Each structure stands twice: as C-alpha cells, then as structure tokens.
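Q: test case, fold it:
(chains A and B)
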Amino acid sequence: MENLGFFGVVFGIVARLWPVWIGLVLVYLLVWAYKPRLGLFGQLFNGWIGTVGVSICLFWVFAAMFADIIAPFGTRTQIAIMKNAVPGSVEADSAMAFLLGGDHLARDVFSRVMYGCRVVLLIAPAATMIAFIVGITLGLPAGYFGGKIDAALSFLANLVLAFPVILLFYLLVTPGIMETWPPYIMGGSLFLVPIIFFSVMFYTRFASAPRKLAIYLTATIAIGLWAWLNLMSSDLFIEKLNSVGLGWFGSMLQWSPFNMFGIETNELNIFVAVVFASSPGVFRIVRGLVLDVKTRDYIAAAQTRGESPWYIMLWETLPNARGPLIVDACLRIGYTTILLGTLGFFGLGMGPESPDWGTMIKDGSQTAQLRLYYWQGVAPAIALMSLVLGLNLLADTLREESLRD
Amino acid sequence: MAEPILEIENLHISFFTKAGEIPAVMDFSCKVMPGEAMGLVGESGCGKSTVALGIMRDMGNRGKITKGTIKFMGRDMGEMSDEELRDIRGNKIAMIYQEPMASLNPAMKIGPQLMEVPILHEGVSRDEAYTRSRDMLASVRLPDPDRIMGSYPHQLSGGQQQRVVIAMALLSKPALLLLDEPTTALDVTVEAGIVELVKDLGKEFGTSMLFISHNLGLILETCDKITVMYSGEAVETGSVSDVFDRMRHPYTQGLFRSIPLPGADKNSRPLIAIPGQLPLPHQRPFGCNFGPRCLHFVKGVCDAREIPMQDVAGHENHRSRCERFEEINWSAMPDGIKVNEPVTPGKTVLQMENVKKYYSVSANEIFGGAHPRTVKANETITFNARESETVAIVGESGCGKSTLAKMLLGLETATDGTIKLDGKEIQKTAIEDRDTKTISSIQMVFQNPFDTLNPSHSVGSQIMRTLEMFKIGNNDDERRQTMLELLDMVKLPRAFATRMPRQLSGGQKQRIGVARAFAGRPRVVVADEPVSALDVSVQAAVTELLMDIQRESKTTMLFISHDLSVVRYIADRVVVMYLGHIVEQGTTDAIFSPPYHPYTEALLSAIPIADTSVEKKHIVLEGDIPSAMNPPPGCPFQTRCRWKGRVPGKLCETEVPPMVDLGDDHSIKCHLSADVLKEMEAVITFHGKDKETKAGKSGKPAKAAKSSAVAKANQEAPVALAAMGSAKPAAAKPAKSVKSKKAATAPAAKVSPAKAPVTKKDADANRPAAVKKPSKPDDLKLISGVGPKLEGVLNGLGIFTFAQVASWKKAEREWVDNYLRFKGRIERDDWVKQAKALAKGGEAEYIKVFGKKPR
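A: Residues are numbered from 1 along each chain as shown, chains lettered A, B, ... in the order given. Predicted coordinates for the structure are as follows:
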C-alpha cells in the first residue's frame, strides 16, 4: 500500500483544513479592522494567550461547521482493506489518503475526528447552558433569601455532589432504565426550566407595561414550547406515550413542525447527566456571588422603590455576577467535553457508531489497539485536549480582561 | 538642627502601562527633620500615597522613579542595593496603612507577629522579643497587653488592631514613620484616641512622621508642617500655621472654603465648592494644573510655563506653586455667593414614638439554638421631624442609625412603638405591603457613590425604572422627559442619560442618587452619610445641591452622619444616638453648646477641626463601643463615661436614665443632676483672630495654649473621680487609675478647675525656671524617655542642663508632665533621678546607679 510519509500527512491535513484557515483569516481581518468597537471580544486579542485560546476554539468551531467539506470520507464508510491502516495510507479506489490511519472497523480516523467535533460542540455547550440556567434559577433565591430556603437548597446541592457520579451515569444509561419513565420526566422538566426562567425574567421587568409584557411572554413561551416539543420527540418516548394511552400527545410530537430536530434517548440522558453533575457547582458559584452583590447599595435602592424579589435577583443581581459566570461557563464547557469523553469511554452515552471523541478514544484504547495502532486513540485524544486547552486559555483571558477595568 | 531624616528632591514617579507613561507624581520636594511630623494632604488620585510608596521603593513592576532623589538620613536611596533597602524597610522606615486588618496576618496570634520584628531585625532572643513586644503594646496604651499578645487579630476591635499595627511599626525603632490615612477606617472617638497616641509617639520616641490624610483637621492636630498636593504636584508647603491661616495657593484656599468650618452657615455663609473636577493624569493642562478650576486664572500668565515652587516672601519655609500669589487678594470672598433665607419648618411630617427594634439571633438556622439571643438595635426612639426641616442623626458605627433608616423605609418592621408618616401609621407595613404613594414619599440617598448605581444599567434607565415604579408618567416618552428634567435638577448634562455608571465620577454618581431619591417628590428623604465617601471639594457641591433641592421641594431630610462638623452646618435639629438609644436631642445650637450629654461632649471633642482659631477641650474616651449583642447594664454609655463619678450610688450601672427635658426642645438621657450639667464647659471655643499674630512667629505659643487647655481637661477628670469618694474608677484602665490615685494624694493641684477655669498665669505658676542657652548644653537625650523632639521642646522651655531637670520639684514635674501630656511618664521613668546621676558624674555615675548605659 502506498504511503504519504510524515510530511505528506502533515501537508495533507493542512490542505484539507482549508475552509478553517480561510475562516480564521477572515476573523482576524475583521478583528483587526474593528477592534476598538468590539469591546471585550476585541480585548481578547491583546495578548498572545488570548489570541491562542480564541484561535483554538474558533478552529474547532469552523471544523465543525465545514466537517462535510473537510472530511474525505463519511463517518461510517468502511473500506475493508484499510482496517488498522497506518496514517498516510492511500486508498486505491478513490486515491484518497487515510490521513490519520484507519480504525479497527476500517473507517477513516481523520474524518471521524472532524465529524466528532460536531457532536461535541453541539452537545457540550448546550448541556452546559441548561446546567447554568438550572444552577442560576436555584442559586439566586438561595443567596438572596438565605435562611431556610438557602439551607434546603444547599443541602440538596451537597446531596447531589456527594452522590457517586459514575453510578448515576450507569443508572441513567442502563437499557432497563431507558424504558422506564424517570429519564423522560427528568429530561422534560430540565428542558422546561429555561422557559420558566425567561418568562419570569420578562414578567418582572415589564409587569407595569402589559402590552410589552404580552409580546415578550408570548414569544418566549411559543419558541420555548416549540423547542421543548422538538427535543422530546424521540421514538422511544413516543412509543412509551402510546403504550399508556397518551397517543394523542405522541402523534402531536410526530407532527412535522415538532419533529424537525430531535435528540435520541441516549443524548437526552447525557443532558440529564451533565446537568446533574454541573448544576450544583453552578449553584454554589451563583449563591456566593449573590451573597456578595446583595449587600450593595443599589440592591437596597431597588428594595426601597418597591421592586419584587425576583426582579432584583434577575435584573439587578444577575447582570453584576456575569463576569465570573462567563469565565466559569468557558471552563465548564471544557469539563463537559471531557465528561462526554468519559461517558463515551465507559460505553455510556452516545451510540456505538457515534464519531464523538470519547467513544473513539474508548475504541482506540483496547490493549492491542493502543500498542499496535496507537493513532486510533491518540488522534481524538489530542483533539479533545486541544479544545479543552483552548477553552481554558479563553477563560483565563476573559478573567484577566474583566478584572482590568 | 541636624541633617534631615528624609529629603526628597524633584521626585518624579510614573507608571508605565500599555497606554503609555502615566506620570503620578511630578516635581515633588520635601524635607522632614528629626522628630518632625509632615502632613501630606490632597484629594484621591493626587499622588500622595504614591509618594509614600516611592519612599518605600515599593511601586510594583509598573511604577518607576523617573527623576529626582530621595535621601534617607543623608544617603541617596537610589544608590542603595536591594539588600540595604530591605534592611531599611520595616527597620528604619515603617509604614502604617489605612486598613489595619490588612496589615495583620489573620492566621497568626498578635504575639508571634510582633516578636518577629525584633527577632528578624535585631536577632534578639525570644524572651527578649516577648518582653519588648509586650512593653510596646503597653506603651500604645492597649489594656491588658498579655491577653492581646495571645489573641488573633479578628478578636480585636478596629481601634485595637490599628494600635497593634502602630506597635509593630515602632518595635523596630524606626527613624521615619509613614502613616497612610491611619484612621480613615475608624470611628471618630476611636480615631481621636489614635491621633493622640500618634502625637505622643513623636515626642516619646523622637520619630519623624509623614502623615498622609485627606482630612485637614487631622493634619492640624498632628503635624508641624504640611504639604498640599494637587494632581501629582505639591502646590503649597509650609508650617501648619502658615498654610492654614495665610495660604498662598488658590487650591488650598478652595479646600478650606469647601469644608464646613465652625464659621460656616447654610443660610448666610454657605460652602463654596471648587468647580470642575480633578483632571485625569493624561489630560493635565499645560502650565498650572489647577488653572481650569481656578477663580484667579489669567490666560497667558498661568498657562505660559510649567510653574515651579516659589518662596513666599516674609514667610519662613513657605512655598507655593502659584504664579500670581502676590497679586491675589487672599481675604476677598468670590462673587456670586447666594445667601438664602432661613426656612421655617411647617407641620410635623414624621413622628416616631417609643420605636423599638429587636433582632433575635439564634445559633443555628434550621434547628434553632437553645437560647436565641436578642440584639436590641433600637430602644425607645422618640422624635419628630417637620416639613422642610433637616434632622441629623449622629452616632458611630453600631449605634442603630441604619436600623432606624431601614424601619422608616420598610425594609424592617418595628418590634414596638409607632412611626407615623403624615399621620398614617407605617411601623408594621413592610415595603412589599406599602402602596406606591408611601413608598415614593420616603426615599433614601445612599452612602457609597460606587455602590449606589447598578453598574450594569445605564444612568437614564435606572431613573426611568424608578419613575415607572412610582407610576409617574403614562408611557416611556413621558418618563424620559421627566428623567431629563431630573438630570437638569441635579445639574448634570442630559447626555449623561445614556452613560454607564462606570463612566461617571463619584460626585456625579451621587448626584444621580439624589435625582433618583427625589424622583417621586418624596415627603421624607433619608440621607445616609451622602458625602462622606466623596472628596472634599466635591462634598461641598453635593451638600449644597442636596440642600437646594430640599429647600425647593420642602422635603424633610433625615441626615445620618458621624461627622459633627457637617451636621452643625446642615442640620436644624440633631439627634445623638449611642448603642440604640437616643442620648440627646435638640436644636443644633443646643446640642453644640453646654450642657451636653457626656457622649456628645466626647464626640464634639473628637472631631478634628481644620481651624487654628478653634480651641478644643481634649476628651479621649477609653475603650471601644460595646457590642449591641451584649450591651452594658444601666446607662448604655456608662462604660466609657467620664462623668459617671458625679452620679451618686450605682445608678448609672443599674438603671437606664430617663429622658430629661431641659426646655427649648432640648433633652438628655442622663442621670447627672441639673447642677452638674450646669458645670459643663463648652468643648469648642474660638479665640478670634489674635491667633493670626501669635501663630506668626513659630507656632509654639499656639501649641502651648492648646496644651494648657488639655491640661485643664486632664485635671478635671481626677477631681470628678475624687469627688465620688468610694466609687471605683470608671473603666479601671491602668493609666486612669494611676491618675486618680495621684489626684487623691497630690496636695498641689486641688483647686477645683472644673468650676473656675484656670487662667494661664495660674497654670504657669509651676513652670520650671528657664535659663539662657549655655555654651555647652547637656545632651538631654541621655535621659531615657527623651528623644530628639522632646529635647527640642525642653530647650524651648529654657531647659538645657541635667542640673535643671534634677532640681524639679513635684509641682514642676507635674507641670512638665501635663505640658507634654505624658500622663505621669516623667514620674514613671524617673527623669529626676536619672538627671541627678548624669549631673553628678555623667555616664559613669549613670551606669553605677542604674546598672546600664544611658542610651
């Protein structure tokens, strides 16, 4: 079999990534031209750490966007001869190289890494965002009211933190459990939290202006419900609904506007798992920040003009806690990415053919594979590492820049 | 005298940032002689702290001395190696910072922290270090030094912590002490104690001091010389008496005109604020930095060149950075001061009767403690406030004034009693149950300008939100219009509506705070120290604005403050609070003239007044404010009261005194009988303009006058104590009990000075005889306890030889003791015995008698 050699591989990868390079150059040009007007985002490019961090993150974002162009093969394309092929091997029929070699099922590792980035970048930020909204929704009243509410919520958070996470994951993803109700009820209620959050937010702000309030609330609830129904429209769930005589609800979920994008049951479980693992941490951060911010005079000023507690929490307190929260979000997306990897490694979470990095690392790290065909595990591991590193650098810079002024 | 301890010449300090070089200090020169105290005054951002850091050579990696030299004891610090600098820092030069807690290691006990200093710098043994540290704690007048050696910093009060920090600084016997706003974080009565300590330290240890402060009154009390800084430059320097009474720079004059001195009056002689604001370092104008804000600015003169420091002819060591100081008429008042008609208060708006607020504090939130403790934050508060009247509520931290404000605003509900707003009872309605009208009729102006606006919302939107909550205006357009009018009212440009709070200066933010409070045409505005966090020149402007708006809208204002000089200026009536009780209330005149409540008396004496013609009686309260969790039985003030001995029996310790009406709307919560109250003298007295001439020469006579007043106060206390016979001394502090014992045994000073004020002649009767300066004066510093500065003072009294000191009789010793305000140290250190030995056989004899060498 023909081989490109080391430099051939490097050159091949750089060449295949051309859409990413164009994207990055465009971003740099735009930043360079409009820097003074970009605020915090422009300041990220002040030092080399920030520039590197943003570049790595943007690299993976563009890679996810253009995965179809970049990847020479599909995620499940198997070419038998390429089983465990060495990096740089050229596939005879299409004359295309398996740049990072082939895996034990004769699929192209490079293509799978590129597509896998898509999965990671869709699930990790989304799951983190939901974890944040849940953590914020519980952390705000705990910090603001204090007393018994705080004691109860903090106890709950500690309880969840103390629960062995791995056991929780196994419980959630066991096939037997997937056929019972709890995952759906938990997932369903977690996805409801953002709708409630934004509704309360707009309600408190516009309570005295009914017309504005109506517009904002209708929009929030309509979009929220639509997204919620879409998320819940997995086949397993519809089957279950039919089995208990809620067929009308099931067929509603199957109706095409509510079935535009759905997530599979195992992805739903990942969401639930991530929210469980992350939101107690977010809760603690928010609670601590609120405890600090609520002693400020502007909070007292809001109280003395008769604002409701939730207005004060959402509009007076939360915006002033944003700095540390943004930084934490960056770090937490990184953790979630690793968590996805961990889940994949244990064979939990995504399906066996899924190209996500965790599953790839697991497949590539069987003893024989790791010794003889190391590239199968190392390539996705490096990808995972670089993304987390980029997010960490970004978080570092954000923290520094937000402290500056 | 000898060579200066510190000599700074043409110092330039810059910070280097990404934006380029930012000059923080420019062309700064000053000289501090041994034993001298130099004051450094200026507003925030003028570079005064940078000078101190420059002396310590501790400016981080961005700061750099770009030009000029700092000489310490004759040596250029710029040429010293890092090792030498390290040796000097903390050893020869010590620094005391504003926040005492930040200077102490919270994880270490006080003892080991103090002992580190001599162990590190002098390599003494642990035992020796322990004794030294303990003695030093005693000499900064901390009660029970052994206990303090074994406690952690958080177990001490703020005042005690600052004393520990001072003790730590002094342990290395520094030649120069840098004090950076050492009392700003403390309460007034505690501050008075620290100030007295710092003053005495100069005398006792002969330490030179650089005292940095924004408070001119403090500088007057502690320093010999003063340098005024503005925007990175020293603008005026000279002796305290010159700069205070014959200032030759418009900025200095502006500062004095914008602080409420005793002569100011809100109607006939209002404060005059300095217009404009401090320029940013990179926006300083060419020529005079103060030019754009100066009333005497002349184009072509003031901006023709960078102005150097110039000697003021006829004044010794007095220099000014003003090009025109010889042409300016320094006594003329600026034009356009408006004089206001005094307002007559209308009907009663706010009535508080027997209002109480108790908090119960339990140990555990969920399960509850076995014995929930009660904190009595407010006890039987009764007072009224009338329309367009300003009522000041005065008290130190923990006196319950904030709780009072919270109850008015509905953030807390009263435990008992009634609060009536326009006849409507509101004491039990919390804010969420109040109707819009009640909410908008009581509003508040907050203390901290950096906290009063939400940094995340624009200024305009915050005011509009307030209007929306108060249901003013039907739609956003109407509210926007009202908001713009409110901005006009507080004299801010309308463009500020879209600004974010961080783009505003402190004074501007406070104006927005005022606009917000007055948005709903309130009946009562609670102003919680609205100007205390602002710079002096801005304070005046905001105070005037607040009063103008109040006058126009006929609002009642409750002005919460601890600063009696502002209160005297702004208030019509005053309520003095201590530990949750109202201890005195009455019209402003009644409060500021005798008879006083003993606490008010101490509070009045504690405020530093920046006026050389004011003579204050010197009363320093012992100890700290008791905790509200554990208040003393009986009268709340009894633990610190110096009049307690005049009340028969143990009444003060057992019974809360009733509110005694003294007529004219003036009442006092005190057990003292009417006769005793009549004995009280005014704390603050003027002695007119004769000071001007007296102070002219050297400032010494002025000091003598001041200290004789102090002597008076000191004698008074023992008499009071002696009179009560068997009753034990009030606070049982060591220093005090020693004093009282002496008073009982001393045959001399028994004329009752409390009744008949001692005239100056009488006071000087026991003054030791002076001699002409001999050709070879003795080195008085050999007497332990006499430093270079004290030697100077003694020489000033005409005392030059050991023989003179040795011949002092008891009365003379006491006179000198009082003169130096030593509280018996001459006696304790046995100066006379030391002097006798030295006079007889010099050092050899001294070693024979005392078994050690004189220092």
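
Q: residue B:78: neighbouring residues, count only.
A: As a burial measure, residue B:78 scores 12 neighbours (other C-beta atoms under 10 Å in any protein chain shown). C-beta coordinates here come from the backbone N, C-alpha and C atoms, glycine included.

Q: quick check: closest non-adjacent residue to it.
A: In space, and not counting its chain neighbours, residue B:78 is closest to residue B:69: 6.0 Å by C-beta to C-beta, 6 or more residues apart in numbering or on different chains.

Q: where in the stretch 301-405 of chain A is pLDDT low?
A: A:347, A:349, A:367-368, A:402-405 (pLDDT under 70).

Q: can you tell me the SS state at the residue in it that chain B sits nearest to?
A: In the stretch 301-405 of chain A, no residue comes nearer to chain B than residue A:319, which is 3.6 Å away by C-beta to the nearest C-beta. At residue A:319 the chain is in helix, as set by DSSP: H, G, I helix; E, B strand; the rest coil.

Q: neighbours around whichever residue of the stretch 1-150 of chain A sits closest to chain B, how many?
A: Using C-beta to the nearest C-beta, residue A:147 is the residue of the stretch 1-150 of chain A that sits closest to chain B, at 6.1 Å. Residue A:147 has 10 neighbouring residues, counting by other C-beta under 10 Å.

Q: that older thread, which secondary structure element is home to the residue nearest to residue B:78?
A: strand B:63-72 (DSSP states H and E).

Q: for residue B:653, give its distance to chain A.
A: 37 Å (C-beta to the nearest C-beta, to the nearest Å).

Q: which residue, other than its chain neighbours, is closest to that residue?
A: Closest to residue B:653 by C-beta to C-beta, 6+ apart is residue B:634, at 4.5 Å.

Q: just residue A:186 next, same as before
A: residue A:272 (5.2 Å).

Q: can I assume that neighbour sits in a helix?
A: Yes. Under three-state DSSP, residue A:272 sits within a helix.

Q: that one touches residue A:189, doesn't it?
A: No. Here residue A:272 does not reach residue A:189: they are 9.9 Å apart, not a contact under C-beta atoms under 8 Å.

Q: ok, these two, which is more surrounded?
A: The residue with more neighbours, out of residue A:272 and residue A:189, is residue A:272; 24 against 12, by other C-beta under 10 Å.

Q: next one, pLDDT for the more buried one please.
A: pLDDT for residue A:272: 83.

Q: if I pick it, what's in contact with it?
A: A:172, A:183, A:186-187, A:190 (C-beta atoms under 8 Å, 6 or more residues apart in numbering or on different chains).

Q: which one of those is nearest residue A:243?
A: Residue A:243 lies nearest to residue A:183 out of these, by C-beta to C-beta, at 15.5 Å.

Q: roughly how far does that closest one sit from residue A:267?
A: Distance of residue A:183 to residue A:267, computed by C-beta to C-beta, to the nearest Å: 11 Å.

Q: over to residue B:102?
A: Counting by C-beta to C-beta, the separation of residue B:102 from residue A:267 is 51 Å.

Q: compare these two (neighbour count), which wins?
A: Neighbour count, other C-beta under 10 Å: between residue B:102 and residue A:267, residue A:267 has more, with 22 against 11.

Q: tell me which element the spatially most central residue of chain A falls in.
A: In chain A, the centroid-proximal residue (C-alpha atoms, centre = their mean) is residue A:124; its distance is 1.7 Å. Element membership for residue A:124 (DSSP H and E) is helix A:109-145.

Q: and that helix, average pLDDT?
A: Rounded mean pLDDT across helix A:109-145 is 90.

Q: same question for stretch A:7-17.
A: The model assigns stretch A:7-17 a mean pLDDT of 86.

Q: which parts of it are buried?
A: Using 16 or more other C-beta atoms under 10 Å in any protein chain shown as the test for burial, stretch A:7-17 gives A:8-9, A:12, A:16-17.

Q: for that stretch, what is the distance to the chain centroid?
A: 29 Å (C-alpha atoms, centre = their mean, to the nearest Å).
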